[in-house]
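In: starting from these lines, generate the structure:
(chains A, B and C)
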Amino acid sequence: MGQRRRAVTNPSSRRVSGAPADVARVPSRKHNICMVSDFFYPNMGGVESHIYQLSQCLIEKGHKVVIVTHAYGRRKGVRYLTNGLKVYYLPLQVMYNQSTATTCFHSLPLLRCVFVRERITVVHAHSSFSAMGHDALFHAKTMGLNTVFTDHSLFGFADVSSVLTNKLLTVSLCDTNHIVCVSYTSKENTVLRAALDPKIVSVIPNAVDPTDFTPDPSQRLDDRITIVVISRLVYRKGIDLLGGIIPELCLKHPDLHFLIGGEGPKRIVLEEVREKYQLHDRVRLLGALEHKDVRGVLVQGHIFLNTSLTEAFCMAIVEGASCGLQVVSTRVGGIPEVLPNDLITLCEPTVRSLCAGLEAVIAQHRSGSVPSPASVHARVRSLYTWRNVAERTEKVYDRVSGEEVLPLDRRLRRLRAYCGPVAGTIFALFAVLDFLLLLFLQWLVPDRVMDVAMDATGPHGLWRPGPSSKVSGTKRAAEKDSSS
Amino acid sequence: MSVVRVMGPDSAPGPAVPWRKVLWERQPFPDNYVDQRFLEELRRNEGIRQYRYWAVVKEAGFVGQQLSCVAIFITLWLYMEQGLLSPERLLLTSLVCALLGYGLHQALTSQMESGCELRTRLADLQSATIFLSFTFGFSPVLKTLTESVSTDTVYAMSAVMLLAHLVSFPYAHPSTPGSLSLNAALFASVCLASRLPGALHTFAMLSCALLVFAMWPCLLQRLRENAPSQFTGLCVGVCIGGVGGLGSQSPGGAVLLALALGSVTLLCPLLLVMLQRHKDNIQGPWDEAEIHEDISHFLH
Amino acid sequence: MEDEAFTDINGKAISLDCQSHSGLCREFTVSSPKVSVGKVMVYTCCVWLLAYTVFFFTENTAVLSSAILITLLGMMLHIHFVKVDHESLLVIGSLGIQVSSSYASGRETTKFIEMSKIKDIVINEAIYMHQIIYYLCVLLKDPSEPDAVSSVVPLFQSSKPRLNCLVKVYKSCQEILSKC
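Out: The predicted model follows:
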């Protein structure tokens, strides 16, 4: 019956679309990958664009990729993005900061449905703040699927909340097949937090699209030196330091201008500084920026300033350097690993040190000894590309798909051994309950009565751009209607 | 090594070049390579303070002293309630104590010569007069305030409030008692004072409460700063006074207080010093940087 | 035409009947299985056992009589408003689409959509309860805005056939729609 259905749903005329890319390549192993995270478009941020770009590059390599996230407002159901990237917006309750509430169980029916109908082989969860990601890992292991986790952030060890979060991370990662971190510092952090074997943690940096961030020196005003800051205006991004730097430097250099993009609760600090020192004409607060407008702001500047207090991998400084700016940044987290020393000036996270660093770069500018924007761009453009990221992530999938998923008895033993007697026992119990719930669901709606989803992407993908195709018709309808 | 060969963008020929902790360079190592230098920036227990037992006991004495103050206050209330102590005598003693304490405070302040804001004696007298006259004027009201509430409730409330006072008392910087702890203590004393037989009793009790919970910590702080050796003696004295006073009314309470004082001043420091060995604080480059300098001066 | 065995999304057998009245007129009927006597018996027994237990403790005969009433009324309401015997889709090229569903009691509801309002017929995906299912739907357009979809009419809502059945109906419909 299953074979028959495939034959019906995959008429040969529709097979044309995905074929050329496949034929050209040696038929290496293709994976059906499910990316799960609470954070995806229309939410904006580093994790969101990472998932999107990585998925696009994996599709280009012939894998099948679907993304699962929670519903954003009226956006629920199934949507298709560029190149047939399928996104499931599942109606799960959002609890805090766009992260879903987790009961460990209630997301199982829907996630199982997605995993079964899309014939998923690898579940890839993103961000340790995403409860949905952890849920998906938990259910995937129950269902015997291979799991990969990408950690995008750093976390301390000092306070109560981080103790709890780290315990949960230990539980979630102790039987995950492979973990990906975005920098070596992030790897050290994750290995310590979740008590992992460092051999199963890979470091794959983030990337930027170099074609999006090209220099344009004509946009710069020559009678002034402009310092650009683009970040959310929150404490963790060191906006208080910025509030100290602005008056200090503006008093010394009358031709210095600040261009600040981003929004957040610390905006008030910058507004107060601007008010007190009468710098309205020299400090411009642009408010929240859309991703497509970022380049337009960056190219107006000479120096890019980053004052973050913690950062796993700072995409902003790479974007700044890619636009040909001189980068000045704090030496925190993974930032020292990101750019070679001649492209970045690293400072301690103090006002004095940052001012000294900035002044050195300003002096270089005045003497004209800075490299040209074009040469900086040429150096940066090949450093971090999404293709490279996808290639390295593909290797992780290849490795993971060869590994076995722990059967229930060994999984329980692993949980008890790695997570301590209390948490280990509790989560072992949860794993058993999850397994029982899965058995119940399999009895209620057996796998064989679930329709296999049409592949938009992947080795037999049907995606074909054009208004007459059925898939795009589906998409248009999906925009309109979704029931729960 | 079989694992190593699978991973990474480049197939590893052999580690001819040393590994560097950078991302911008394509290195001939697999992505999951673990170098010798992995976690070399990890620091443990940095800037840890090693506690010495007797030093901690001295500091803990302050907690015991505050506990005893509460006990002394309750003792006084018990005496008043049973009519063993007349309000006039309590008022007189309080006045003498207040004057003596004020003198001592002034002496210690002038010794310190902190010229920031020296309140004049007149201002002090003025605020004392306002306080006393208000308390005196309102004492009949306060006396009848809790009449409709059952006595059990009043006692329970006072107990909870005194406990809140003890918990929220700012032991680290007790120069001015924190507003929560002071308010809780005063609330408790109003509750207790309203159960006394007369309006004058209430007034005497409240004045005494102000003395014990508001003035005494200020004086003690000065003592702590200027005469540490006498401070320790004073704490011991207050503790003995508290146990002795309570003992004259309820021996069982005195035993409990003594036990509490013993555990707070002797046992808890011992535990702290012993458990110190197990402290394992991890620090590294992933920690959020702290802003140490004062940035607010740019704003104000 | 009924050579293939179709099931609905819960795995229950359904049958699809395609009738070709003419080149431009086709009728598709999806029939669900009849109400099974065994199931009715089980439900009735459950209600009555419950009622008898309550009666045992309260010794109130009104409980028993109300149980009988509830069973009868429930059954009637079920066959009249819930239980759909068969749903049919009549596609007449150049004229329109008629969607009708007939309930077990014989009641029938019919809806007609004229061709000028129909934009397309597509198979769509939706989240239904705790499942993600495929369903067939008619996309409607406002004649004033021919490019936009104004609303969606889902088809075979109560029988919920699986994808292979939907694809068959979809292809036939597209054949007719492409002709006119």
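In: what's the average pLDDT for stretch B:266-278?
Out: Stretch B:266-278 comes out with an average pLDDT of 90.
In: who's in contact with it?
Out: B:50, B:51, B:52, B:53, B:56, B:57, B:59, B:60 (CB atoms under 8 Å, 6 or more residues apart in numbering or on different chains). (Each C-beta comes from the backbone N, C-alpha and C, glycine too.)
In: pull out the buried positions in that stretch.
Out: B:269, B:273 (16 or more other CB atoms under 10 Å in any protein chain shown).
In: name the nearest residue to residue B:98, ignoring sequence neighbours.
Out: residue B:211 (5.9 Å; CB to CB, 6 or more residues apart in numbering or on different chains).
In: what is the burial count for the one you found?
Out: When counting by other CB atoms under 10 Å in any protein chain shown, one arrives at 18 neighbours for residue B:211.
In: what do you get for the one 5 residues further on?
Out: Other residues near residue B:216 number 20, with proximity taken as other CB under 10 Å.
In: my guess is it contacts residue B:69, does it?
Out: Yes. Contact between residue B:216 and residue B:69 holds when scored by CB atoms under 8 Å: they sit 6.6 Å apart.
In: does chain B have contacts with stretch A:168-175?
Out: No. Judged by CB under 8 Å from any CB of the partner chain, stretch A:168-175 and chain B are separated, with a smallest distance of 13.6 Å.
In: same thing with stretch A:215-229?
Out: No. Contact of stretch A:215-229 with chain B (CB under 8 Å from any CB) is absent, the minimum separation being 15.9 Å.
In: show me what contacts the residue nearest to residue A:265 when sequence neighbours are not counted?
Out: Nearest residue to residue A:265 in three dimensions, chain neighbours excluded: residue A:234, at 6.3 Å (CB to CB, 6+ apart). The neighbours of residue A:234, taking CB under 8 Å, 6+ apart as the test, are A:264, A:265, A:266.
In: how about JSON lines for those, with distance to residue C:49 and neighbour count added?
Out: What follows is the contacts of residue A:234, written out as JSON lines (distance: CB to CB, whole Å; neighbours: other CB atoms under 10 Å in any protein chain shown):
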{"residue": "A:264", "distance to residue C:49": "63", "neighbour count": "17"}
{"residue": "A:265", "distance to residue C:49": "62", "neighbour count": "11"}
{"residue": "A:266", "distance to residue C:49": "66", "neighbour count": "21"}
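In: tell me which of those residues is nearest to residue C:23?
Out: Set against residue C:23, the nearest of the contacts of residue A:234 by CB to CB is residue A:264 (65.1 Å).
In: check the gap between the closest one and chain B for me.
Out: Computed with CB to the nearest CB, to the nearest Å, the distance linking residue A:264 and chain B is 16 Å.
In: so is that residue in a helix, a strand, or just coil?
Out: Assigned by DSSP: H, G, I helix; E, B strand; the rest coil, the conformation of residue A:264 is coil.
In: quick one, phi/psi of it?
Out: phi 160, psi 180 (degrees, to the nearest 10).
In: does residue A:119 really touch residue A:450, like I thought?
Out: No. Between residue A:119 and residue A:450 there is no contact under CB under 8 Å: 10.3 Å.
In: between the two, point out the one with more neighbours.
Out: Remark: of residue A:119 and residue A:450, residue A:450 carries more neighbours, 19 against 13, as counted by other CB under 10 Å.
In: for chain A, give me the ranges with low pLDDT.
Out: Scanning chain A for pLDDT under 70 picks out A:1-28, A:465-484.
In: and it, what are its domain boundaries?
Out: A:2-207+A:388-480, A:217-384 (automatic domain parsing).
In: so how far is the shortest one off the chain centroid?
Out: What it means is domain A:217-384. Taking CA atoms, centre = their mean, to the nearest Å, one finds domain A:217-384 lying 23 Å from the centre of the chain it belongs to.
In: tell me which other helices or strands the strand or helix carrying residue A:53 touches.
Out: Assigning secondary structure by DSSP states H and E places residue A:53 in helix A:46-60. Packing partners of helix A:46-60 (3 or more CB pairs under 8 Å, 6 or more residues apart in numbering or on different chains; DSSP states H and E): strand A:32-36, strand A:64-70, strand A:85-90, strand A:122-126, helix A:386-401.
In: tell me how far residue B:247 lies from residue B:72.
Out: 12 Å (CB to CB, to the nearest Å).
In: of these two, which one has the most company?
Out: For the pair residue B:247 and residue B:72, the greater number of neighbours falls to residue B:72 (20 against 17), based on other CB under 10 Å.
In: contacting residues around that one?
Out: Shown in contact with residue B:72 (CB under 8 Å, 6+ apart): B:212, B:238, B:241, B:242, B:245.
In: let's have the residues you listed in CSV, adding distance to chain A, pLDDT and secondary structure.
Out: Formatted as CSV, these follow (distance: CB to the nearest CB, whole Å; pLDDT from 0 to 100; DSSP: H, G, I helix; E, B strand; the rest coil):
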residue, distance to chain A, pLDDT, secondary structure
B:212, 35, 91, helix
B:238, 35, 92, helix
B:241, 39, 92, helix
B:242, 34, 92, helix
B:245, 40, 91, helix
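In: list just the nearest of those to chain C.
Out: residue B:242 (63.2 Å; CB to the nearest CB).
In: so the nearest residue to that closest one once chain neighbours are set aside: helix, strand or coil?
Out: Nearest non-adjacent residue to residue B:242, counting by CB to CB, 6+ apart: residue B:68, 2.9 Å away. Classification of residue B:68 using three-state DSSP returns helix.
In: run a quick neighbour tally on residue B:68.
Out: Neighbours of residue B:68 under the rule other CB under 10 Å: 26.
In: which residues in chain C form strands?
Out: Along chain C, counting by DSSP state E, strands occupy C:6-7, C:13-22, C:25-31, C:84-92, C:96-103, C:108-114, C:118-128, C:131-140, C:151-154.
In: next, the contact list for the closest residue to chain C within the stretch 201-300 of chain B, please.
Out: Nearest residue of the stretch 201-300 of chain B to chain C: residue B:286, at 38.9 Å (CB to the nearest CB). Contact partners of residue B:286, counting by CB under 8 Å, 6+ apart, are A:154, A:155, A:156, A:185, A:186, A:188, A:189, A:310, A:312, A:333.
In: when you check chain B, which of these turn up near it?
Out: A:154, A:155, A:156, A:185, A:186, A:188, A:189, A:310, A:312, A:333.
In: counting neighbours, what do you get for the last one?
Out: Look at residue A:333: counted by other CB under 10 Å, it has 27 neighbours.
In: ok, and the closest non-adjacent residue to it?
Out: residue A:311 (4.3 Å).
In: doesn't residue A:154 make contact with that neighbour?
Out: Yes. With contact defined as CB under 8 Å, residue A:311 reaches residue A:154; the gap is 7.4 Å.
In: any shared contact partners between those two?
Out: A:333, A:334.
In: neighbour count winner among these two?
Out: residue A:311 (31 against 27).
In: contacts only, for the more buried one.
Out: Counted by CB under 8 Å, 6+ apart, residue A:311 has contacts A:154, A:332, A:333, A:334, A:335.
In: buried members of the contacts of stretch B:266-278 into ChimeraX, please.
Out: Applying 16+ other CB under 10 Å to those leaves a buried subset, and the ChimeraX line that selects it is:
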select /B:56,57,59,60
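In: farthest pair within the contacts of stretch B:266-278?
Out: With CB to CB as the measure, no two of the contacts of stretch B:266-278 lie farther apart than B:50 and B:60, at 16.8 Å.
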